[in-house]
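**Q** Here you go, sequence then predicted model.
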Amino acid sequence: MIKFLLMVNKQGQTRLSKYYEQVELGKRAALEADVVRGCLARRKEECSFVEYKDYKLVYRQYAALFIVVGITENENELSIYELVHNFVEVLDKYFSRVSELDIMFNLDKVHIILDEMILNGHIVETNKNRILAPLLALDKMAES
Amino acid sequence: MSDVVEKTLTALPGLFESQTGAAKITNRLRQLIKSITELTSKHEEENLIKRELSAIKEQVSSPNTTMKQMREIMVRAMYCEMLGYDASFTYIHAIKLAQQGGVLEKRVGYLAVSLFLNEGHELLLLLVNTVLKDLQSTNLIEVCMALTVVAQVFPKDMIPAVLPLVEDKLSHPKEIIRRKAVLALYKFYLIAPNQVQHIHAKFCKALSDKDPGVMASSLHIYLQLIRESPDSYKDLTGSFVTILKQVLGGKLPVDFNYHSVPAPWLQIQLLRILSLLGKEDQSTSELMYEVLDESLRRAEMNHNITYAILYECVKAVYTIHPKAELLEKAARCIGNFVLSPKINLKYLGLKALTYVVQHDAKLALQHQMTIIECLDHSDFTIKRETLELLFRITNAQNVTVIVEKMLDFLCYVPIKTLTFAPDNSWFIQTMNDVFSIGGDLLQQDDPNNFLRLLAEGKPEEDDQLRLYAVESYLTVLKGHTSHLPQCFLQVMSWVLGEYAHLQESVDRREVIRLLTQLLDQRSVSSETRVWILSALTKIPEGQTDLILDLAESLSSSQDTVLRQQAQELRHLSQDSQLREWVLVENSCAVDSSLSFLDGFVSEALAAGAAPYKPPHQRQEELSLNLEPYSFSLPVSLSSCSITDRQSPTLLSVSSGLSGNSAELSTLILEGVKRVWGKDGYLPQKEATAPPVDEPSAAVQPASQQEAAERIEPRPEPSTQNQDKQQLASSLFVGLGVGSSVSLLGKSEAPPPRFRKKPRPHESSSSSGTSKRSSDSSSRSSRNTTDSFLYGSFPEEEPATSISTFDHTPKSTTANGLSQNKDTKEDRHANTSQILGGDMVIVRPSTIQDKHPPSVSSDLTALLPADLKDLPHSDVISLTSDPSLSLSSCRLFRDEALLLVIFISNCTETVIKDVAVQLTCEELKVCTGNVMDCLEARSTSVCHYALLMDDPHTNVSLTGTVSYQTQPGHTNTLPFSGTLSTADFIRPLVVTTEEYGKLWLSLSHDVKQNLKLLTDAGDPLRTTLNALKDALQLHVVDIIGSEGIVACRLLSGAPCLLHCRVNGAALAMWLRSPHPALPDFILYHCQRALAHH
């Protein structure tokens, strides 16, 4: 199961966080800082999975942005690693060449996309067209 | 990949202007984002967000704020919360936005709700109407977002309100609506399984939906259902196989592909389902061999995602019923993984190998050189995974090497590994290393487990080990001690306090000197000081001068706890009588089932208190998700100084009527009598079972070496290689031919007692390895030394007037009451008229059997003929006075409990008008009955049929006998007793099939981990037999590590128990149509096991 998904930049600033298991607001910042520290300490040639408390962290770096997913032991790390890439590909498709700023300025939309892909910690949709369909419909309505 | 994100902060100004159309951003949000990107310190962030929050506050309360602005405000609030600042005042506005906004605003409103509110937040109730309205909307987008939010957060008790609407959507023409409806139902199933039980058929329809997306969503439900009860869904195997075949065959639309691999995550999901279905089931497994083979074959493309699928496939192949050809292919796959230069694949390979060696340890041999290399890998994660793998193949021959490797790593030595310890000195030495290197990084359990291991053994057998420990610690303490971790110091002081006297040659003064020296060290924490002082207290008398000096010097300490202890130490060393009182040999049985609370509990229940429910059940019933309090509260010493032999930090307060304590991992002394006396440790518990040596293992080393060589023909090893080979041969020894056998084989010379499986997670609450009564623990919280001497060892109240019935029926046969079937019919005629309401004492039928008075053990002979054959309890005395004596006995009849009361006349005269009146607090008062007279020295019998419709933990009975010795002068004699639910439990004889059907139809369930009796060869069977004997359960079947057991409450509600061995615990899952029955049965199971 997926416990959380974070987008954090190299400076350790959180750009997006989504928890699939309740974590108190006050504890999130510390957890996020810990997680980023864990990922930043890794070198390129090391594997993309780190143990963190009861979780495994799967992380992937895009320019200055890290996407980190916390998962349970029984999850398949590599499939999550690819899921992250699929997510980025979807963002890329929607924003055409996505950047950290796109994500910041469209926090709500990124969340809407994520909600289509992951629900309650489970992967529910990976088909890019289908992921984007509801959001595109919304955009269309807003325009008209 | 990295070109995806190219734009950097330098593009910022341009971006602000370039926002157009739908992506238009209002000023304030833009300002906020700009400020956030420019933040340089935490302090700045704090100021910024504070300002932002007050601005938001102002805006939301202004009546002029439009919905459009509100949408932007919500995004700003999301930012504030994301950075960790509370914006709870906006929650209500999020709900309003979802209620009143246009489509886009509505979506953001719902999004904010799902981000801000967690399940159980009371504001969610306000969302219900909005959701209801949107579900009925003609606008598909609105329906869609309502379904999404329902699947994310929705108040559990409002599910019935939306359920019909959601169900309707299952047949909606749009795939996206059907898909989201399925996901919403999945969520309902997770949080309130009972609510959606009736729509299983619809899940099935979703599975066969023509749209692959809807079908894929239904797999989440099926994975969950199958995980819970694989047997119920075997018939779907064919469907899953077909689906997987179609996916593999590229039958899905091309947009389901990811990097030209068809729906990879769907494949993974299907493989997981198949492996659950095929587990331990040959015929089902056979259905999937072909598709698994194809799956292994297809995944040849060199892309990460295909390896992710392969990994799942390999796991499936090793989980289901084995097929040689597939195993071979899977093993080859693993080989590709571990040998891959790609580090992520290597990791996954090791993970797969770790999984596989549990089924086939031989496979580790094939990859031993890779494993050795990974062991020294620079990547922490890889190393860690390799150790995990080694941990799984630990056996008696390779333990020393493996533990050494683990120590090198991070001092990550699960004490469990040390069960294979070859000898005492190695064990102690290794533990010394573990403590001094790992020290305070160790889990709190580890030192305690170690101490327990030392304390638990028998004196003769383990004194040697203890001696060795004492000696080695004295050596350590004589050296440089300032660098030693606190937990090691604590362990050492405990051992020295406890066992220093074993070593004749050790000068006690020396021990005291060494310990005192520690006290003087600055680096020693105050917690450790308490340990040391406790140890000093235990070192026997005779060294008063040293002790007094010490007490003197500490009496001016700044630490109150230390001062207190010093004071006690002084008192104790001066007053030998007091010392004997406090530290004398006495046993202290820990009643982990808290049976002493039974009276209180039944009183509370009688007074209308709700029966105790374990937290998970509570959660299901409560509308608000109240987080349970944590079970154990580590009580810090400074606040409460309970010291002595307990490990001070681990004092835990357990809430444990239904034994939540099962989850506690602290060290325990469950139900074990511990004695400590002058002569050392005098264990009273039964000798621990003969060492279990199954996991220790070993086939003749020669054949292993041979096997290892045969499988690993290494071409001319270099010297470095030779080192590795040597390491390999020592690591993988014991995994040779027929390695699966060797893992379970016998070892030549069973080393001492480490073979005994440690039970690190046994349930219970008491902590510490204390042997002396914890009562003697320095009750320093009390102010006078004297006061604690009183009432510390409460005298057992002689159970005369209140006698608790023993639970065990005396003559029950293995199968409960089956032997009585022949007499059942005639009894039936008898009882049908006697049986009444709830728990009613129906027939006060007195049978005037007159016999000469006899000793109570013979009273059963007086039972009426039709009752003689029933299993019964011991006869116990209820009450007596000079004229009459009353005894009772319980008879276990299928449909009722018969309470037989024997009334004996102890005088030489006739007693007249004897009337027994029996009352049961919970229920109706029963009519008494009068006997005309009771002859001198005779006994008469009356019996009552008791029924229980609603379980109670304990039922108390009170009653009176009135009689006349002289006409006109009535005496009354009160009596009372308690009955337990256990008396009303009867075996339910069903077949496995019937059990399965019944299981599915039952709604109330409870899960709990119970203690597993590990002192015999087959823990599951032993435990179940113990339960059967204590509670008259019917053991339906035992298959492997699982057992099913059935019982019922008299002839009423059944209760099914499903037991599975889970590590050192017994995972018990109970189901019954009666909401409270499982809890009561669980409670009695716990008690039965605790008393065993």
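**A** Nice, I can see it.

**Q** buried sites along stretch B:544-555?
**A** Neighbour-count burial for stretch B:544-555, counted by 16 or more other CB atoms under 10 Å in any protein chain shown, picks out B:546-547, B:550-551, B:554. C-beta here means a position set from N, CA and C on the backbone, and glycine is covered the same way.

**Q** Can I get those residues in a markdown table including secondary structure, distance to B:Leu886 and pLDDT?
**A** Formatted as a markdown table, these follow (DSSP: H, G, I helix; E, B strand; the rest coil; distance: CB to CB, whole Å; pLDDT from 0 to 100):
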| residue | secondary structure | distance to B:Leu886 | pLDDT |
| --- | --- | --- | --- |
| B:Leu546 | helix | 61 | 75 |
| B:Ile547 | helix | 57 | 76 |
| B:Leu550 | helix | 60 | 77 |
| B:Ala551 | helix | 57 | 77 |
| B:Leu554 | helix | 59 | 77 |
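
**Q** Rebuild these as a markdown table, extending it with distance to chain A.
**A** Putting these into a markdown table (distance: CB to the nearest CB, whole Å) gives the following:
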| residue | distance to chain A |
| --- | --- |
| B:Leu546 | 46 |
| B:Ile547 | 45 |
| B:Leu550 | 42 |
| B:Ala551 | 44 |
| B:Leu554 | 39 |
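
**Q** Max pairwise distance over the residues you listed: which two?
**A** B:Leu546 and B:Leu554 (12.6 Å; CB to CB).

**Q** Residue ranges in chain A under the pLDDT threshold?
**A** Of all residues in chain A, none has pLDDT under 70.

**Q** quick one: the strands in it?
**A** Secondary structure of chain A (DSSP state E): strands at A:2-9, A:14-19, A:49-52, A:55-62, A:65-71, A:118-119, A:122-123.

**Q** Identify the contacts common to B:Leu546 and B:Leu554.
**A** Common neighbours of B:Leu546 and B:Leu554, counting by CB atoms under 8 Å, 6 or more residues apart in numbering or on different chains, are absent.

**Q** and the gap between B:Gln521 and B:Asp559?
**A** B:Gln521 sits 15 Å away from B:Asp559, going by CB to CB, to the nearest Å.

**Q** Neighbour count: those two, which is higher?
**A** When neighbours are counted by other CB atoms under 10 Å in any protein chain shown, B:Asp559 comes out ahead of the other of B:Gln521 and B:Asp559, with 16 against 13.

**Q** So what does that one have for phi and psi?
**A** Recorded main-chain torsions at B:Asp559 are phi -90, psi 120, according to degrees, to the nearest 10.

**Q** Name the nearest residue to it, ignoring sequence neighbours.
**A** Using CB to CB, 6 or more residues apart in numbering or on different chains and skipping the chain neighbours, the partner closest in space to B:Asp559 is B:Ser526 (5.4 Å).

**Q** Any idea how many residues pack against that neighbour?
**A** Counted with other CB under 10 Å, B:Ser526 comes out at 13.

**Q** Isn't it up against B:Thr560?
**A** No: using CB atoms under 8 Å, B:Ser526 is not in contact with B:Thr560; the gap is 10.1 Å.

**Q** contacting residues for the nearest residue to A:Leu132 once chain neighbours are set aside?
**A** Distance criterion CB to CB, 6+ apart; nearest residue to A:Leu132, sequence neighbours excluded, is A:Tyr94 at 5.8 Å. For A:Tyr94, the contact set (CB under 8 Å, 6+ apart) comprises A:109, A:113, A:132, A:135.

**Q** Tell me the one of those nearest B:Asn448?
**A** Looking across the contacts of A:Tyr94 and measuring by CB to CB, the closest to B:Asn448 is A:Ile113, at 48.7 Å.

**Q** my read: that closest one touches A:Leu135, true?
**A** Yes: between A:Ile113 and A:Leu135 there is a contact under CB under 8 Å: 6.2 Å.

**Q** quick one: the helices in the stretch 951-1092 of chain B?
**A** Along the stretch 951-1092 of chain B, counting by DSSP state H, counting those that start in this stretch, helices occupy B:992-1001, B:1019-1031, B:1077-1091.

**Q** now swap in the stretch 1-150 of chain B and tell me
**A** Going by DSSP H, counting those that start in this stretch, the stretch 1-150 of chain B shows helices at B:12-18, B:27-37, B:42-61, B:67-82, B:91-100, B:103-116, B:128-135, B:140-152.

**Q** Format these as JSON lines; extra columns: mean neighbour count, distance to B:Cys333 and mean pLDDT.
**A** Output for the helices of the stretch 1-150 of chain B, formatted as JSON lines (neighbours: other CB atoms under 10 Å in any protein chain shown; distance: least, CB to CB, whole Å; pLDDT from 0 to 100):
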{"stretch": "helix B:12-18", "mean neighbour count": "12", "distance to B:Cys333": "47", "mean pLDDT": "44"}
{"stretch": "helix B:27-37", "mean neighbour count": "17", "distance to B:Cys333": "46", "mean pLDDT": "89"}
{"stretch": "helix B:42-61", "mean neighbour count": "15", "distance to B:Cys333": "49", "mean pLDDT": "92"}
{"stretch": "helix B:67-82", "mean neighbour count": "21", "distance to B:Cys333": "42", "mean pLDDT": "92"}
{"stretch": "helix B:91-100", "mean neighbour count": "20", "distance to B:Cys333": "49", "mean pLDDT": "92"}
{"stretch": "helix B:103-116", "mean neighbour count": "24", "distance to B:Cys333": "40", "mean pLDDT": "93"}
{"stretch": "helix B:128-135", "mean neighbour count": "18", "distance to B:Cys333": "47", "mean pLDDT": "93"}
{"stretch": "helix B:140-152", "mean neighbour count": "23", "distance to B:Cys333": "36", "mean pLDDT": "94"}
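
**Q** Can you lay out the ones you listed as TSV showing distance to B:Val1061?
**A** Below are the helices of the stretch 1-150 of chain B laid out as TSV (distance: least, CB to CB, whole Å):
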stretch	distance to B:Val1061
helix B:12-18	60
helix B:27-37	53
helix B:42-61	50
helix B:67-82	44
helix B:91-100	46
helix B:103-116	40
helix B:128-135	44
helix B:140-152	36
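
**Q** Let me have those in JSON lines, extended by distance to chain A.
**A** Listed next are the helices of the stretch 1-150 of chain B as JSON lines, based on distance: least, CB to the nearest CB, whole Å:
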{"stretch": "helix B:12-18", "distance to chain A": "6"}
{"stretch": "helix B:27-37", "distance to chain A": "5"}
{"stretch": "helix B:42-61", "distance to chain A": "9"}
{"stretch": "helix B:67-82", "distance to chain A": "5"}
{"stretch": "helix B:91-100", "distance to chain A": "12"}
{"stretch": "helix B:103-116", "distance to chain A": "5"}
{"stretch": "helix B:128-135", "distance to chain A": "14"}
{"stretch": "helix B:140-152", "distance to chain A": "5"}
